[in-house]
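# need a structure here:
(2 chains, ligands or ions: 1)
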Amino acid sequence: MSFTLTCPICGPRNAYEFGYGGEDKGPRPDEKDLSPGDWCDYVHMNRCIAGESKEWWIHRSGCGIWFTTSRDTTCNLEVRGKAEEKDANPPLEKE
Amino acid sequence: MNRIDPLETFRIQPSQKISIQYGRKSYEGVAGDTIAGLLYGNGIRVFSRSLKYHRPRGLYSLDGECSNTMMRVDGMPNVRTENTPARNGMKVTAQNVAGKTADTDPMAFMDKLGFAMPAGFYYRTLHKPAKMWPVAIKKIRKAAGLGVMDPDFRIEGYFDEIYPTADVCVVGGGPAGMTAALAAAAPGLRVILMENRPWLGGVFDYRPAAYEGDLPLYQRAAHLARKIEETPNIRVFTHTAVVGNYNDNLVTAFQRGNETDPFDERYIEIRARSIVVATGCIERPLLFENNDRPGVMQVGCAHRLARTWGLLPGRQAVFSIGDDLGLEAAADLSDLGLEIACVADTRMDGQDETLIDALSRRNIPVYRGWIAYKAHGAKQVKKVTIGPLAGVQRQDIECDLLVASAGLTPLTGLLSTRQVELLFDRHTGFFLPAGLPDGIHTAGRMLGFQDSVKIEISGQLAGMEAAADCGFNAPGEIDSIKVRINAFPGPALGSKIVSAPVKGKKTFICFDEDTTLKNIDQAMADGFDVPELIKRYTSAGTGPGQGGIPGHNLPLYVAQTQQSPDQAPRSTTVRAPLIPTLMATYAGTQHDMCKRTALHDSQVASGGKMERVGVWTRARRFAEDTKALAEIKNVRHNVGMLDASTLGKFRIHGPDALKALQRVYVSDMDKIVDGRVKYSAMCNEDGCIIDDGVVLKQGENDYYFTTSTGRAGQTVEWIRYHTRYDHWDFNIVNLTDACGVINLAGPNARKVLEKVTTADVSNEAFPFVGWRDLTLADCIPARTMRLGFVGELSYEFHVPASYTQTLWNILEAAGKELGIQNFGLEAQNGLRLEKGHLIIGSESEQRTTLHDVGLGFLWDRKPDANTVGAVALTQTEHQKDRLKLVGIKMADASAAAPKDGSAIVDTKFQGYICTARFSEALNEPIGMALVKDALAEPGTELNIYEDSCNGQLLKAIVAKMPFYDSDGSRMKM
Ligand SMILES: [Zn+2]
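Predicted coordinates for the structure are as follows:
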């Protein structure tokens, strides 16, 4: 991991200071009447976008904050300045 | 040894003699010599034998582009002796030869068998019949490779790593790099300048040609180097090979230390805001028959041998070149005493006429459009055949040196590793960047510039552009510099000739892998048309030189041979590390880092057998007995002490602290009783158990909790992650390293405690699962909990880390008359096993749910807490066909305990043994196992397959837990 990420508190830092927290899928779905399948999808299924993906990262070896940022997965570069404007990744399409 | 008279360009101290041992003999040189240079000065011409054909190989370039001069130095294989400084007393031997020097080699007959090994030989021939392959592998492995690894060899030295910070990183310490560094440093930016050679100067360093007026280039280089030295915000790394360039300007390099450096080699990693690549050019090899013969060398090699090291490369020379640098070197070397028969220049025109004049003044004929066809001589050049590229005229000239070079090729590896597209430029014949990512600039000769002043100004421009990346923009100055650059003539027309028109059987495009032009022709005949694939098929450029020799010639040759004029040459792929690097350098100094508790030294002094447990070093046991039965017995019948400081310890407080606990713990933390701890567990989203520990409430919105040792590092992160959408107001502090923990356990534990406190610690005043903040020995604040992990009366003292050793000593003194003893992890493991208390990770794995380990009772359904794992716990509550945690005993009580991890089987896998030990209390082996629920009923017989059981399955029976003190009365006494 050779790229940099921008911590909202500490600024741009080496990626190996950070821990990955998965794609941003939005808050947990309402638990009532959740089928095991839907729950499993929320927990385990990812969009694996080839392109710009909004993700959770933690500044593990730094200030410890969890934050979201966008990363272009095709070149492993942070897409700067867009994280705030973008909503969570759209939900998975059901087949 | 004959050195020429001292020159201003020397990098040696001729008066300071050194000697090294090569083979069985000792050779003398001077301080500043490279190993290969020293040997060359002593008349050594054959430095190695080639990989496949065992052809003699000599000094060809001086910057490590090929494996020709790789030798074993002081036990280390594959040392590039051509750019490794010689040190007094070094022991050097040749590689890939049967003897100790490369001069004679019994395997030399391999050269005659070349016809039998076409391209792709191994891939195509040795697979049929299939059973041939294993035999062939052995033979190939024996024959292949250059240096030999001695399994007993231990690398000596100190290998460091540094991570300096820079605004601008300039790669290449030649004229363009130096002017770039100075320009970038001008506004005060922090600049790092890295140079592969041990000194700055690049291609200016050794040349007496005029820079401006009478000022020779080498004096100009020295002037720039002095200015660099005087600029405090430029940090220079010489003898530093830059080997990688990654996203967001991460530059990796390694530096070789000299005798006064505190390191032998060190890894350097820099994250720069802007990079200037000014790596210049290397020479593109000229191909002809026997172009690899010792005595054939590149222009820069010959020129630098004389100018830098005072070694005249030969007596009688022929030049076959394709660039003005060759003409310049011929004139200068002639002045230094080299007899030059003639200069063949592959170019018909375009030469700098002042250089042609200079040569004619020295009576050296220049043949335009001529090239070397063949080098003669068995081990060393004795004669050269030259002739016009077009035409049948041939001329043989006796000589001992053939200076051969097709032209220049830019060093673009640092751009390739950043996925910069390189396009063939038909004018220069170079692969040039099609566009650069933000924050990268190029300068100097690698762009095809020839004029020395233009090269410098291009560096200045790149340095200013790099400064602009860092916020110091000077648009006016940048524009005027651009105008100045454009006033110079454009890049010179580059020669694209690769090879004399020869058959190519003994024409080597790659020295490292012994790849001939004939091999390339075969690959194309086999249908390969892309240079990168031909490289794979023929191995050309895959050796230690990393494409330094064939990197440019291969695509040129392929494009020219295929004769498809619309198709420009396509470059092969260059990958990091651009220069092979020692593993020791990447490994650095800190190979094993661990944490020690505050009690570490006293645990060791008490005879603790220490071992790594996760990030910690802990005492496994204190006696030789691996079962630690004496320690177990002492806890069961008397009293013992354990260093439990590695336990995770946390404070969480704030208005939303309780909500956060409710989110991650399965139990209802609203029901914590004052003065009592609550045991609970954490699950992941799958309902699988990941941690257990106790929680206590120490004040309003203020809690203290423990986690298992292994989870201590991740807990803060875990809680913050699972509350990340909530914007709750709480703070969490990891106290793991700030507090030590001592566990005092055994039926006599209260007697010890009573001696060190005046507080009422009777069973009524301080009952089981209670906690109190006690003051021990009138001075030490100790959060004290009554817990029962080992199944006896037990106190856990949480104290500030700095007090832990003092408290330990006080307790030890207080318990002395009772016979208090240490116990370690092994005893704790046996004790808790008898109680059926689990350790997460031992009695659970990734798929084990809270229900599976029988802790489902901890789970409180909290309607609005959104507890992590609760959905899965609901969904899996009655799930069938899962592995459940059970106790086991052996059918034969006198049998040994099965090994941890052994499989439980019938016709298929039914589970496995988690932990099994001989039980001191029961006097028989007991254990815990995860087995399919169908086999989980007490009394069920289990078959255990243990490693090395020879098919004899062990018999065990599912038993009720706990094995010991089933009503827990001993913990509560
Ligand atoms: Zn931060």
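
# Downstream of the helix or strand hosting residue B:904, the next helix or strand is which one?
In this structure, residue B:904 sits in strand B:903-905 according to DSSP states H and E. The helix or strand immediately downstream of strand B:903-905 is strand B:909-919, counting by DSSP H and E.

# Tell me the buried residues in that following strand?
By neighbour count with 16 or more other Cβ atoms under 10 Å in any protein chain shown, strand B:909-919 contains the buried residues B:910-919. Placement of C-beta: from N, CA and C, glycine included.

# now do stretch B:505-524
Residues of stretch B:505-524 classed as buried by neighbour count (16+ other Cβ under 10 Å): B:506-524.

# before we move on, the earlier item: go through the buried residues of strand B:909-919 and name the one nearest residue B:375.
Distance to residue B:375 across these (Cβ to Cβ) is lowest for residue B:912, with 68.9 Å.

# Tell me the residue of the stretch 751-900 of chain B that sits nearest the ion?
residue B:868 (24.2 Å; Cβ to the ion).

# List the contacts of the residue nearest to that residue when sequence neighbours are not counted.
In this structure, residue B:868 finds its nearest non-sequential neighbour in residue B:722, 5.1 Å apart by Cβ to Cβ, 6 or more residues apart in numbering or on different chains. Going by Cβ atoms under 8 Å, 6 or more residues apart in numbering or on different chains, residue B:722 touches B:663-664, B:868.

# Now residue 23. Its backbone dihedrals?
Reading this off chain A. Main-chain dihedrals, residue A:23, degrees, to the nearest 10: phi -70, psi 150.

# how long is stretch B:852-861 end to end?
Stretch B:852-861 stretches 18 Å from its first residue to its last (Cα to Cα, to the nearest Å).

# That should have said stretch B:117-124, apologies.
Note: stretch B:117-124 ends 11 Å apart using Cα to Cα.

# And for it, what's in contact with it?
B:52, B:136, B:140, B:515, B:518-520, B:522-523, B:526, B:537-538.

# and these, which two are the farthest apart?
Using Cβ to Cβ, the two most remote members of those are B:136 and B:520, lying 24.1 Å apart.

# average pLDDT across stretch B:44-51?
In this model, stretch B:44-51 has an average pLDDT of 92.

# what's the distance between it and the middle of its chain?
31 Å (Cα atoms, centre = their mean, to the nearest Å).

# hmm, who's touching it?
The contact list for stretch B:44-51 (Cβ under 8 Å, 6+ apart) reads B:22, B:27, B:36, B:39, B:55-59, B:67-71, B:81, B:94-97, B:101-103, B:105, B:107-108, B:144-146, B:292, B:294-295, B:379-380, B:511-514, B:543.

# The same query, at a cut-off of 6 Å, please.
The contact list for stretch B:44-51 (Cβ atoms under 6 Å, 6 or more residues apart in numbering or on different chains) reads B:56-58, B:68-69, B:94-97, B:102-103, B:105, B:294, B:379-380, B:514.

# ok, now stretch B:879-888?
Residues from elsewhere that reach stretch B:879-888 (Cβ under 6 Å, 6+ apart): B:843, B:852-854, B:911, B:927-931, B:933, B:936, B:956, B:958-959, B:961.

# And the strands in chain A?
Remark: strands assigned in chain A by DSSP state E are A:4-7, A:11-14, A:19-23, A:52-58, A:66-72, A:77-78.

# Please convert those to TSV, extending it with distance to residue B:731 and mean pLDDT.
Shown next, in TSV, are those (distance: least, Cβ to Cβ, whole Å; pLDDT from 0 to 100):
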stretch	distance to residue B:731	mean pLDDT
strand A:4-7	19	95
strand A:11-14	23	92
strand A:19-23	20	96
strand A:52-58	17	96
strand A:66-72	15	96
strand A:77-78	29	93
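
# can you list those in a markdown table and add mean neighbour count and distance to residue B:405?
Output for these, formatted as a markdown table (neighbours: other Cβ atoms under 10 Å in any protein chain shown; distance: least, Cβ to Cβ, whole Å):
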| stretch | mean neighbour count | distance to residue B:405 |
| --- | --- | --- |
| strand A:4-7 | 21 | 41 |
| strand A:11-14 | 15 | 42 |
| strand A:19-23 | 16 | 50 |
| strand A:52-58 | 19 | 48 |
| strand A:66-72 | 20 | 43 |
| strand A:77-78 | 19 | 40 |
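
# of those, which approaches the ion most closely?
Closest among the strands of chain A, using Cβ to the ion: strand A:4-7, at 3.3 Å.

# partners of the closest one, with directions?
strand A:11-14 (antiparallel) (DSSP bridges).

# chain center to the partner strand, what's the gap?
17 Å.

# what's in contact with it?
With Cβ under 6 Å, 6+ apart, strand A:11-14 has contacts from A:4, A:6-7.

# can you pull the contacts of the closest residue to chain B within chain A?
Chain B sits closest to residue A:2 of chain A, with a gap of 3.5 Å, by Cβ to the nearest Cβ. Contacts here follow Cβ under 6 Å, 6+ apart; on that basis residue A:2 touches B:246-247, B:250.

# and which of these is nearest residue B:341?
For the contacts of residue A:2, the nearest to residue B:341 is residue B:246 (48.9 Å; Cβ to Cβ).

# And whichever residue of the stretch 51-200 of chain B sits closest to chain A, how close does it get to residue B:553?
Per Cβ to the nearest Cβ, residue B:163 is where the stretch 51-200 of chain B lies closest to chain A, at 8.8 Å. Residue B:163 is 38 Å from residue B:553, where distance means Cβ to Cβ, to the nearest Å.

# More neighbours: which of the two?
In terms of neighbours (other Cβ atoms under 10 Å in any protein chain shown), residue B:553 is the more surrounded of residue B:163 and residue B:553; the figures are 27 against 10.
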